[in-house]
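A.B. asks: Here is my input, please return the structure:
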Amino acid sequence: MPLLGAALLVSLGRRLPRRAAEPLALAVAAVPAVLAGLLLAGSRAGAPLTAWVGGWTPVRGHSVGIVLRGDHAGLGLTALVSLLVVAVLVYSWRYFAEPPGRHAGAFPALVLLFQAGMCGFAITGDLFNAFVFFELMSVVAYALTGYRVEEARAVQGAFTFGVVNSLGAYATLTGIVLLYARTGELGMRAVGAALDRQGRPDGLVLASFVLVLTGFLVKAAAVPFHFWLPDAHAVAPTPVCMLLSGVMVELGAYGVWRVYWTVFGGPGGVPHDDARRALVTLGVLSALVGAVMCWQQRHVKRLLAFSTVSHTGVFLIGLGILTPASGTGVALYVVGHAGAKAALFACSGILLDRYGSVDERELHGKGRDVPVVAGLFTAGGLALAGLPPFGTALGKALTEEAAGPWLTAVLVAASAVTGGAVLRVAARVFGGWGAPPTGGEPYETSGEDEEPESATVLARVPATMGAVPAALLLGSLLAGALPVAARAAGSAVERAQPHTGGAGAAGWAPPGMLLGLLSAGLAAGLALYAVYGLRGRTPVRDATTALRRLHSGHVGDYVTWMLVGMALLAALALPGVVRGS
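C.D. replies: Numbering: from 1, shown residues only. I've put the predicted structure just below:
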């Protein structure tokens, strides 16, 4: 449906007025959400729906046909993607300023193509078409990031995004080629079964594991594959940022989870201990580096982008623990994070279109005249901080139950610092708290003198722009408050992790609630200290100078760090191959 809708919008071109193009795109985008919901409601427990595109079914157990599998995890993610696309189209209704000469259907057509790639990636059952949908999603994301092509910064951000993610995709394709050469199969389950018949991992399995996961980790913006993300978010239109951080990054983490458990999670793949070490190590790096960099930002969109890097670390820690409980926690965290992060970007877009800036210092006190946006932005910060009963809080709590004390401390710290950074912005921008800014040292990316994305500076906030973040935050809240959401996530994860056994825990417990209150309290304390206790340069900022300089904006540097990440991933997974041989 999204592919057909995009083709229709493009074919009609400039003959289709904007008042017709936007409702058409919105109606088309809603169809996959409805269909995914109906399939979820009607599917039998433990029986994924399977479709062979074009009728190319297996012959004597072998096939290279295109298989789509609608299990609860894939269908649930398809519904989440489609709902967020609907929210983005509503948010950009009648306000998004099109560049001169571009027809009204260009932006919604690209969004529908993006939706098609994301939905296809969520439900594909074979590796090659995972790559195909992955590339469709990526190419459209580059175009959306550089949508305001008349601006040099947008082109630069899209170029960096395109180069790094394309190299990651080529790595994934190379890994798929190695697996096909070894097994003669492309279906994920068939490849996994063939590796299991081999009985033990070897160098080719390790190489394919590293290569396939590289593309997904780049898309998920895990450290040190993450450098493209802040640059892209700083220049991409606000609705695009809502999609990039709301669902595309989560799809990268989903790809890691799906491919590991379906292909590499058996006896012929990468042993659990080695996969756990690799994913948890990258997760801890991402959570801490992302949190530190998030705290340093005054460009609101870059601040939110680095918080996404930190929360990718939370995803990887939960996935790396390799238990149903932690997997259930990540599933709930993904839903809660999608709503909260998209809502925060929506609020930052309102600031940009009303005041022509996303700079924390320049906006000091200006947000007092939009109290509803202030409340929404603050609620989003509390959701990132892990305040119960948001879905982020329940997801974090379930992950902490399986994580142990040291990893729990990392999860609490990441939530507190990223949530505190958002609350600090809320206090200064919407409350005018703290001393007014007085000059200061040059900053790498400040967010001053940005161009509004609307046709004119907004004198008032349109109802659609205010309703969307409110609805997204409500969804994030319901993901943690409704027991049915936790039960559905636990059931989906249990069926998709066949080598672990047992049922994933799914519900609130006193320790999880207390840790959620602790991280939210720490976030509020950090925000207050930043507003009233810090003056000028700080030891933390001085200590992170080298880290900030690594984010140079030079694509060659970012490619180098991607190669470092591949080497690190291989080194962490290597012991299992040595033992197997």
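A.B. asks: okay, CA-based contacts and neighbour counts for the rest of this
C.D. replies: OK.
A.B. asks: so where is this protein shaky, pLDDT-wise?
C.D. replies: Counting by pLDDT under 70, the ranges of the chain that qualify are 44-46, 94-104, 438-457, 498-506, 534-543, 576-581.
A.B. asks: Pick out the residue closest to the middle of it.
C.D. replies: Most central in the chain under Cα atoms, centre = their mean is residue 249, positioned 2.5 Å from the mean C-alpha point.
A.B. asks: any idea how far the closest residue in space to it that isn't next to it in sequence lies from residue 178?
C.D. replies: The spatial neighbour of residue 249 that comes closest, neighbours along the chain excluded (Cα to Cα, 6 or more residues apart in numbering), is residue 220 at 4.2 Å. Here the criterion is Cα to Cα, to the nearest Å. By it, residue 220 lies 23 Å from residue 178.
A.B. asks: Check residue 72 too.
C.D. replies: 29 Å.
A.B. asks: out of those two, which sits in the busier spot?
C.D. replies: Taking neighbours as other Cα atoms under 10 Å, residue 72 and residue 178 compare with residue 72 leading, 28 against 18.
A.B. asks: List the contacts of the more buried one.
C.D. replies: Applying Cα atoms under 8 Å, 6 or more residues apart in numbering, we find residue 72 in contact with 40, 48, 492.
A.B. asks: Of those residues, just say which sits nearest to residue 66.
C.D. replies: The closest of the contacts of residue 72 to residue 66 turns out to be residue 48 (Cα to Cα; 15.7 Å).
A.B. asks: residues touching the residue lying closest to the closest one once chain neighbours are set aside, list them.
C.D. replies: In space, and not counting its chain neighbours, residue 48 is closest to residue 71: 4.3 Å by Cα to Cα, 6+ apart. The neighbours of residue 71, taking Cα under 8 Å, 6+ apart as the test, are 47-49, 123, 492.
A.B. asks: quick one: residue 532 from residue 27, how far?
C.D. replies: Here the criterion is Cα to Cα. By it, residue 532 lies 48 Å from residue 27.
A.B. asks: Which of these two has more residues huddled nearby?
C.D. replies: Set residue 532 next to residue 27 and count neighbours by other Cα under 10 Å: residue 27 wins out with 14 against 11.
A.B. asks: Where does the more buried one sit, in terms of helix or strand?
C.D. replies: Using DSSP states H and E, the element containing residue 27 is helix 18-42.
A.B. asks: Would you mind listing the buried residues in that helix?
C.D. replies: Within helix 18-42, the residues scored as buried using 16 or more other Cα atoms under 10 Å are 21-22, 24-26, 28-33, 36-37, 39-40.
A.B. asks: Pull the residues that contact that helix.
C.D. replies: If you take Cα under 8 Å, 6+ apart as the criterion, helix 18-42 is touched by 1-2, 5-6, 9, 72, 75-76, 78-83, 85-86, 89-90, 93-94, 104-105, 108-109, 112, 115.
A.B. asks: if you set the cut-off to 6 Å instead, what comes out?
C.D. replies: The contact list for helix 18-42 (Cα atoms under 6 Å, 6 or more residues apart in numbering) reads 75, 79, 82, 86, 104-105, 108.
A.B. asks: Next SSE downstream of it?
C.D. replies: In the C-terminal direction from helix 18-42 (assignment by DSSP H and E), the next one is strand 49-53.
A.B. asks: tell me the angle that following strand makes with helix 18-42.
C.D. replies: Taking axes from the mean of the first three to the mean of the last three Cα atoms, to 10 degrees, strand 49-53 and helix 18-42 form an angle of 130 degrees between their directions.
A.B. asks: And strand 49-53, what does it pack against?
C.D. replies: If contacts are counted by 3 or more Cα pairs under 6 Å, 6 or more residues apart in numbering; DSSP states H and E, strand 49-53 sits against strand 66-70.
A.B. asks: May I have the strand it packs on as PDB, with CA atoms only?
C.D. replies: Presented in PDB, the C-alpha positions along strand 66-70 are these (Å, rounded to 0.1, in the frame of the first residue of the first chain):
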ATOM      1  CA  ILE A  66      10.900 -14.000  -1.200                       C
ATOM      2  CA  VAL A  67       9.300 -15.100   2.100                       C
ATOM      3  CA  LEU A  68       7.400 -12.800   4.400                       C
ATOM      4  CA  ARG A  69       6.800 -13.900   8.000                       C
ATOM      5  CA  GLY A  70       4.200 -12.200  10.100                       C
END
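A.B. asks: Contacts for it, please.
C.D. replies: Contacts of strand 66-70 with the rest of the structure, by Cα under 6 Å, 6+ apart, involve 48-53, 123-125.
A.B. asks: how about a cut-off of 7 Å?
C.D. replies: Under the contact criterion Cα atoms under 7 Å, 6 or more residues apart in numbering, strand 66-70 has outside partners 48-53, 123-126, 129.
A.B. asks: Ok, stretch 361-380 next?
C.D. replies: Contacts of stretch 361-380 from elsewhere in the structure, counted by Cα under 7 Å, 6+ apart, are 340, 343-344, 347, 423, 426, 428-432, 436-437, 448, 470, 473.
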